[in-house]
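Asker: pasted the sequence and its predicted model underneath.
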Amino acid sequence: MKKSTEVPVLLKRRLQAEVIGPIHAEMVAALGKEQADAILDAAVRKAAIAEGKSFAAKAPEGKTSMADFIKLYQLWTADGALEVEVLETNDTTFSFDVTRCRYAETYREMGLADIGHLMSCNRDGTFCQGYDPDITLVRDHTIMAGAPRCTFRYSYRKGG
């Protein structure tokens, strides 16, 4: 799945955070934390939707599916970025728990834990809007927010 020229997603997020962190700090100083967070959130969500559309365009025969969506998850788990316990996979469901999140660990190490959810977690469900709006995510807990695991519950409902 991964081309030799592709940057692993965990490394990509670290590199992005090295740039986003200082920009966010300047936005906080100029605009306040609430507005800076809102701007960062909106920008990352738009990027996630665009990324989802890009992946959808590469889907076999231009048709997205839960099976192909599940294959994409290899990109985000590569290099041990996420440790997961898969609970259920089929044509309409992809449920798993993340038991270790190196994205959260990376942001904590960088002193960016307070915006880690804006840089990574908010991408997860939003990516679906671009990839296939019939795929939705319900996630009640995240390691980034202090829970012991992230609860990913993707479902596919044709026609939403």
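Answerer: Yep, it's here. Numbers count the residues shown, from 1 in each chain.
Asker: give me the distance between Thr92 and Arg139.
Answerer: 17 Å (Cβ to Cβ, to the nearest Å). Heads up, the C-betas are built off the backbone N, CA and C, glycines and all.
Asker: Met110 contacts Ala17, correct?
Answerer: Yes: contact criterion Cβ atoms under 8 Å: Met110 and Ala17 qualify, at 5.7 Å.
Asker: what about those two, which has more around it?
Answerer: Ala17 (21 against 14; other Cβ atoms under 10 Å).
Asker: which residues of this structure fall in strands?
Answerer: 82-89, 93-101, 135-138, 150-156 (DSSP state E).
Asker: turn those into JSON lines, including mean pLDDT and distance to Ile70.
Answerer: Converted to JSON lines, those look like this (pLDDT from 0 to 100; distance: least, Cβ to Cβ, whole Å):
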{"stretch": "strand 82-89", "mean pLDDT": "97", "distance to Ile70": "6"}
{"stretch": "strand 93-101", "mean pLDDT": "98", "distance to Ile70": "5"}
{"stretch": "strand 135-138", "mean pLDDT": "97", "distance to Ile70": "10"}
{"stretch": "strand 150-156", "mean pLDDT": "98", "distance to Ile70": "8"}
